[in-house]
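Trainee: Here is my input, please return the structure:
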Amino acid sequence: MKPSQRRRFRTMVASAAMVCAAATPDATPRAAEYTVVSVAVTGDAAPDSLGGRLLLAVEAPCITETGDIFFISHLLGAPSREGIFRASGSEIQPVLLSTTESFRDLTCSAAGGIAVDAGDTLLKVIDGQVSVIVSNGDPVPGTETEFLRPALPAINNAGDVAFISSVLSTPPGRGGLFLDSNGKKSIVGLRGDPVPDREGEIFEAISGPPRINHAGNVTFGALISDSVNPIEGIFLRSPNGTRAVVLSTDTIPGTTKSYGSFGILGTFGGAPVNNLDHVAFAGENLASDPITRGIFVDVVGSVRIVARNVDETPEEAEAAFAAFGAPLINDADEVAFPALIQGGSGVPVALYVQSDGNLVRIHQPDLAEFEQALPGFRTYSMNNAGDIAFISTIHGGEVDPNTCRRATRCGLFLALRHAELEIDIRPGSTRNVIQTSSRGVVPVAILGSEEFDVRKVDVTTLAFGPGKASPIHQAGGHIQDVNGDGLPDLVSHYRTQKIGIAPEYTEACVSGETDEAWRRPFEACDAVDVLAPHGGAQ
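Mentor: Numbering: from 1, shown residues only. Have a look, this model is predicted:
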């Protein structure tokens, strides 16, 4: 296998193997790469502080900006029967334990605050402090009624929490979407309210889960009706009011077909909104011929298509998307989504990420236990680094779309995004000559950036060229600003005879890992001019 072919294969399947290769002239730009690691699996031992009990199930993962993963797990043995845990690298610690209530619908903010449904009460935990958001029977602001079965909380960095709740009303069934901000509750929208900018129409139903960004802007699903033709819609509530992001009757860009349905009364998994107010959503038109399904992003009134069921998957021309689960979006406008796959030789269900126009499947074909990513909603979470925490069955099993409770065995996994960075071979030189017969050394600088701090590199993992040469100095390298941008760079030296490079190579690459809790892999390459032993480039 040529070096460039090996690298493209690793990109396509996001293989865990960190093989440092050098590219031949047919190399192409690489899409985002991932390594999948196990976080917690059914049957694992709970933290030592809980007396050696076992995790019976894991569910509702939520990942923060720093990569901490919160999740719910049932426990084997008294007194606590269920807990919320935080995983940071190899360490798993309890956050909140319960002897009576069952936790569900866990969400977290980028900063690490969490909100959870604890039965008749919604709780939030910020910096270790537990507080009640709302309980059954609390008064609804501005009314003479009470909250009934509050659920589906969503929390942002400010600690604001959006949630869905029914209310005690006459006639029964009235409810809607609410916002708690510093303990003060407000109504976002109620069933029966008039729909903004649509005369004579009302909210027939309001659906969650809601999503909330740092500014406190909230998205939700709704069924609207003029008593004749029910229409589904996704709405955004901001300080400027409530607006329709998209309606089921709107036309899909570039087609004559409408979105059809967002699953408002059934499978709606939310319409996540990032801090740019861009909204991701899934649509399905069962009335069209052929049936139309897709993942879309609204960019403040302009909709772009991420994937449709008429599209081939990026890894196999014989395989095509068949259906989609609820998407996620981060502040880099990267979109993750689960999809059912029709045809091809791979797994029938997988998680995908679209980044910079490239679709990448999160998959490890050499990990025998890994079977599938669930298509149901609320089973995965993505942060702004592009890392994805998700639930998967192991060795099959019947699985509830929202939990692992009926699986024969299931687990929580992390798709860890590889760091993206640049290197400079022979800093200051315009021609990166490597003489294969030389007994000298080759300096290589890993360039720091606003996104990547070179001081996080674990220098013991550095490997240069096909020969995986290690740095010659015990310290692994030194910090220096080699390009004058005011940011620290990491300079290491490698013995030419250990690099293992051949004259046909036009690039050489450095691989390694960071020393963070989750050891983030990276690989970066730079052009080289390799000279044969007698001095001539070949």
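Trainee: mind listing what the strand or helix carrying residue 188 pairs with, with the direction of each?
Mentor: Residue 188 belongs to strand 184-190 when assigned by DSSP states H and E. Looking at strand 184-190 with DSSP bridges, its partner strands are strand 175-181 (antiparallel).
Trainee: Give me the contacts around the partner strand.
Mentor: 133-134, 140, 147-148, 150, 158-167, 169, 185-191, 193, 203, 206, 208, 210, 212, 216, 218, 220, 237 (Cβ atoms under 8 Å, 6 or more residues apart in numbering). Using the backbone N, CA and C atoms, a C-beta is placed for each residue, glycine as well.
Trainee: Low-confidence bits of the stretch 401-538 of the chain, can you list those?
Mentor: 401-409, 534-538 (pLDDT under 70).
Trainee: tell me the strands in it, going along the chain?
Mentor: In the stretch 401-538 of the chain, the strands defined using DSSP state E, counting those that start in this stretch lie at 410-417, 422-425, 433-435, 441-447, 457-464, 478-480, 489-495, 507-514, 521-527, 529-531.
Trainee: can you list those strands in JSON lines and add distance to residue 340 and mean neighbour count?
Mentor: Shown next, in JSON lines, are the strands of the stretch 401-538 of the chain (distance: least, Cβ to Cβ, whole Å; neighbours: other Cβ atoms under 10 Å):
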{"stretch": "strand 410-417", "distance to residue 340": "19", "mean neighbour count": "26"}
{"stretch": "strand 422-425", "distance to residue 340": "38", "mean neighbour count": "20"}
{"stretch": "strand 433-435", "distance to residue 340": "48", "mean neighbour count": "16"}
{"stretch": "strand 441-447", "distance to residue 340": "40", "mean neighbour count": "22"}
{"stretch": "strand 457-464", "distance to residue 340": "37", "mean neighbour count": "20"}
{"stretch": "strand 478-480", "distance to residue 340": "48", "mean neighbour count": "12"}
{"stretch": "strand 489-495", "distance to residue 340": "44", "mean neighbour count": "22"}
{"stretch": "strand 507-514", "distance to residue 340": "34", "mean neighbour count": "24"}
{"stretch": "strand 521-527", "distance to residue 340": "29", "mean neighbour count": "19"}
{"stretch": "strand 529-531", "distance to residue 340": "46", "mean neighbour count": "18"}
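Trainee: Take these and write them to CSV, including distance to residue 229.
Mentor: Compiled in CSV, these are given as follows (distance: least, Cβ to Cβ, whole Å):
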stretch, distance to residue 229
strand 410-417, 42
strand 422-425, 55
strand 433-435, 70
strand 441-447, 58
strand 457-464, 59
strand 478-480, 65
strand 489-495, 62
strand 507-514, 55
strand 521-527, 52
strand 529-531, 68
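Trainee: Kindly list the longest strand within the protein.
Mentor: Longest strand in the chain, counting residues (DSSP state E): strand 202-212.
Trainee: How far away from the center of its chain is the helix or strand following it?
Mentor: Remark: after strand 202-212, the chain's next helix or strand is strand 218-225, criterion DSSP H and E. Distance of strand 218-225 from its chain centroid, counting by Cα atoms, centre = their mean, to the nearest Å, is 24 Å.
Trainee: How about stretch 133-149?
Mentor: On Cα atoms, centre = their mean, the centre of stretch 133-149 falls 34 Å from the chain's centre.
Trainee: what mean pLDDT does that stretch have?
Mentor: Across stretch 133-149, the average pLDDT comes to 92.
Trainee: isn't residue 502 right up against residue 528?
Mentor: No - using Cβ atoms under 8 Å as the test, residue 502 is too far from residue 528 to be in contact (10.8 Å).
Trainee: more neighbours, those two?
Mentor: A side-by-side neighbour count of residue 502 and residue 528, using other Cβ atoms under 10 Å, places residue 528 first with 23 against 15.
Trainee: Now for the more buried one: which residues touch it?
Mentor: 22, 425, 432-434, 501, 505-508.
Trainee: Next one: it from residue 464, what distance?
Mentor: From residue 528 across to residue 464, the span is 11 Å (Cβ to Cβ, to the nearest Å).
Trainee: List the residues that are in contact with both of these two.
Mentor: Listed as contacting both residue 528 and residue 464 by Cβ under 8 Å, 6+ apart are residue 508.
Trainee: how far out from the middle of the chain is stretch 380-397?
Mentor: 8 Å.
Trainee: likewise stretch 291-302?
Mentor: A distance of 19 Å separates the centroid of the chain from that of stretch 291-302, by Cα atoms, centre = their mean.
Trainee: Mind listing what's buried along that stretch?
Mentor: 292-298 (16 or more other Cβ atoms under 10 Å).
Trainee: so of these, which ones are in helices?
Mentor: Per DSSP state H, helices hold no members of those.
Trainee: how about the most centrally placed residue in the chain, phi and psi?
Mentor: Centrality entry for the chain: nearest residue to the mean C-alpha point is residue 382, 2.0 Å, by Cα atoms, centre = their mean. Main-chain dihedrals, residue 382, degrees, to the nearest 10: phi -130, psi 140.
Trainee: what pairs with it across the strands?
Mentor: residue 388.
Trainee: Quantify the burial of residue 201 by counting its neighbouring residues.
Mentor: Count around residue 201 with other Cβ under 10 Å applied: 18.
Trainee: Can you name the residues that contact residue 442?
Mentor: Per Cβ under 8 Å, 6+ apart, neighbours of residue 442: 425-426, 434, 464, 493-496, 499.
Trainee: swap that for residue 490, sorry
Mentor: 445-446, 448, 454-455, 457, 459, 477-479.
Trainee: same thing but at 10 Å, please
Mentor: 421, 423, 444-448, 453-457, 459, 462, 471, 476-480, 482, 510, 512 (Cβ atoms under 10 Å, 6 or more residues apart in numbering).
Trainee: go on, residue 134?
Mentor: 120-123, 140, 147, 150, 153, 161, 163, 165, 178, 180, 183, 185.
Trainee: Ramachandran angles for it?
Mentor: The phi/psi pair for residue 134 (degrees, to the nearest 10) is phi -160, psi 150.
Trainee: Is it bridged to anything, and to what?
Mentor: With DSSP bridges as the rule, residue 134 is bridged to residue 122.
Trainee: Neighbours of the closest residue to residue 116 other than its chain neighbours, how many?
Mentor: Closest residue to residue 116 apart from its sequence neighbours, by Cβ to Cβ, 6 or more residues apart in numbering: residue 106 at 4.7 Å. Residue 106 is flanked by 23 other residues according to other Cβ under 10 Å.
Trainee: Hmm, residue 106 is touching residue 82, no?
Mentor: No - the criterion here is Cβ atoms under 10 Å, and residue 106 misses it with residue 82 at 11.3 Å.
Trainee: Find residues that contact each of the two.
Mentor: Common neighbours of residue 106 and residue 82 (Cβ under 10 Å, 6+ apart) are 72, 96.
Trainee: Let me see the contact set for residue 61.
Mentor: Counted by Cβ under 10 Å, 6+ apart, residue 61 has contacts 39-40, 69-72, 87, 106, 108, 378-381, 388-391, 412-414.
Trainee: Now intersect those residues with the strands, please.
Mentor: Secondary structure from DSSP E places 39-40, 69-72, 87, 106, 108, 380-381, 388-391, 412-414 of those in strands.
Trainee: Now residue 506, what are its backbone angles?
Mentor: phi -110, psi -10.
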